[in-house]
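Asker: Let me see the structure of the following:
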Amino acid sequence: MSRPRKPVTAIKDSSGRIIDYQANVYAAGGRSRRRLGTTNPETAMQRYQDLMAALEREVQRRQSTLLDSALERFIYERRHKISERTVVHYRHSIGRFLEFLKARDIGSLADLAESGARGYAAWLAERYCPTSINIHLRAAKVFLRFFDLDRIARRHLELAKVRPKPKRILSNDELSALVKAADPETGNMIQVIRYTGMRRDELLSLKWGQISLTENTVRILGKGDKERIVPINGSLEAILRALPRNDSEFVFPRKDGKKRWPSSLAKAFRAAVKAAEIGYCTPHDLRRTVATRLKEKGVSDKVIQAVLGHVSIDTTYASYIELSPEYRRGVMERLE
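Answerer: The predicted model follows:
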């Protein structure tokens, strides 16, 4: 457990008078401030020392947790801060880390503190590509920081170097071929993303109650439960009106009426891509295509940011707005 440079700082009122002291604490993978309830600097330092001693005892108790129960404890104490999807991800990725540790006869986190996690990155490299390796390593880092094992995370869990993939922008012909090659339901899902820029999970969570065909708007629930309103154009309105209504509240449910798993869309999308013979692409490339087409049509950056549901305009620019091949050819032809 690391200690800050200024462990105790004064809290002052508007006139500059000290009204309390607070302790700056780094523990459980995060930073927090705790009031010490005194205006005396000597008393504040003593209370800080007592607080740190108590925290160190808590760290020792936490690190004595057996590996078989460490993951459940980690998820339980973070349950209010993470989504269900993140829980599934942590169970898988951290589970791989615990599998590696158990193979090395490490029974508790206290043993891990002594032996470290050396070799985990190499163990992953035998099984996964660099991108997947980093996904597992980041999850393991979060797990170790929670148990105040930051030193081990920094020393033995260095991320792999990943060559950035080219960002794919689909042409109108490619989009049409993709929709035509897909089964009817997958084709409708592709069209909804094409005309709204939804994320995959936003699409799978879409309910009929979020769609208003009288006002021609769809209310999208994005990351962090943030809402955004996206207008429905004529093409999308025709698709939505033609969709079969069922007993489920979801627009694209499973056969039992419940929410679809992301893997089902991914599998159907890959089959459509292969049948359309348009080269490798993902549902997220459709979202990137929406941003690029809007930019090429002269739509302002703030509007594109609002449609995609980004908190920062930098995210919109860095990862979504590209120059399509057709646009580049048109620009270069102006030199003639």
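
Asker: which residues of the stretch 101-250 of the chain score low on pLDDT?
Answerer: Counting by pLDDT under 70, the ranges of the stretch 101-250 of the chain that qualify are 114, 164-166.

Asker: hey, where'd the strands end up in it?
Answerer: Using DSSP state E, counting those that start in this stretch, the strands found in the stretch 101-250 of the chain span residues 211-212, 217-221, 227-231.

Asker: Just name the most buried of these.
Answerer: strand 217-221 (a mean of 18; mean count of other Cβ atoms under 10 Å). Every residue, glycine included, has its C-beta placed from N, CA and C.

Asker: In contact with the nearest residue to Arg163 once chain neighbours are set aside, which residues are there?
Answerer: In space, and not counting its chain neighbours, Arg163 is closest to Pro130: 7.7 Å by Cβ to Cβ, 6 or more residues apart in numbering. Applying Cβ atoms under 8 Å, 6 or more residues apart in numbering, we find Pro130 in contact with Ala160, Lys161, Val162, Arg163.

Asker: doesn't Ser132 make contact with the third one?
Answerer: No - assessed by Cβ atoms under 8 Å, Val162 is found out of contact with Ser132, at 9.9 Å.

Asker: so where does Val69 fall, helix or strand?
Answerer: Quick fix: residue 69 is Ser, not Val. Using DSSP states H and E, Ser69 sits in helix 67-77.

Asker: Tell me which other helices or strands that helix touches.
Answerer: Where contact means 3 or more Cβ pairs under 8 Å, 6 or more residues apart in numbering; DSSP states H and E, helix 67-77 is packed against helix 84-103, helix 130-146.

Asker: quick one, which of those is packed in tightest?
Answerer: Greatest burial across those, using mean count of other Cβ under 10 Å, falls to helix 130-146, with a mean of 19.

Asker: just how off-centre is that helix within its chain?
Answerer: Mean-position distance between helix 130-146 and its chain equals 13 Å (Cα atoms, centre = their mean, to the nearest Å).

Asker: Extract the C-alpha set from that helix and format it as CSV.
Answerer: Extracted in CSV, the C-alpha atoms of helix 130-146 (Å, rounded to 0.1, in the frame of the first residue of the first chain):
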residue,chain,number,x,y,z
PRO,A,130,-1.9,-9.6,-28.4
THR,A,131,-5.3,-7.8,-28.2
SER,A,132,-6.8,-10.6,-26.1
ILE,A,133,-3.6,-10.8,-24.0
ASN,A,134,-4.0,-7.2,-23.0
ILE,A,135,-7.7,-7.7,-22.1
HIS,A,136,-6.8,-10.4,-19.7
LEU,A,137,-3.8,-8.5,-18.3
ARG,A,138,-5.9,-5.3,-17.6
ALA,A,139,-8.4,-7.4,-15.7
ALA,A,140,-5.7,-9.0,-13.7
LYS,A,141,-4.2,-5.5,-12.9
VAL,A,142,-7.5,-4.3,-11.6
PHE,A,143,-7.8,-7.4,-9.5
LEU,A,144,-4.4,-7.0,-8.0
ARG,A,145,-4.8,-3.3,-7.3
PHE,A,146,-8.0,-4.1,-5.4
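
Asker: returning to that earlier point: what's the closest of the helices and strands packed on helix 67-77 to Thr39?
Answerer: helix 130-146 (33.6 Å; Cβ to Cβ).

Asker: Distance-wise, check Ile106 relative to Arg118.
Answerer: For Ile106, the distance to Arg118 (Cβ to Cβ, to the nearest Å) stands at 12 Å.

Asker: between these two, which one's more packed in?
Answerer: Ile106 (19 against 12; other Cβ atoms under 10 Å).

Asker: Next up, the contacts around that one.
Answerer: By Cβ under 8 Å, 6+ apart, Ile106 lies in contact with Leu67, Leu112, Ser115.

Asker: again, only using 6 Å
Answerer: Leu112 (Cβ atoms under 6 Å, 6 or more residues apart in numbering).

Asker: isn't Lys141 right up against His156?
Answerer: No - here Lys141 does not reach His156: they are 10.1 Å apart, not a contact under Cβ atoms under 6 Å.

Asker: domain assignment for this protein?
Answerer: 8-63, 67-156, 172-335 (automatic domain parsing).

Asker: Skip the chain neighbours and tell me the closest residue to Lys12.
Answerer: Counting by Cβ to Cβ, 6+ apart, the residue nearest Lys12 is Ile18, at 5.6 Å.

Asker: tell me the contacts of the one you found?
Answerer: Contacts of Ile18 by Cβ under 6 Å, 6+ apart are Ala10, Lys12, Thr39.
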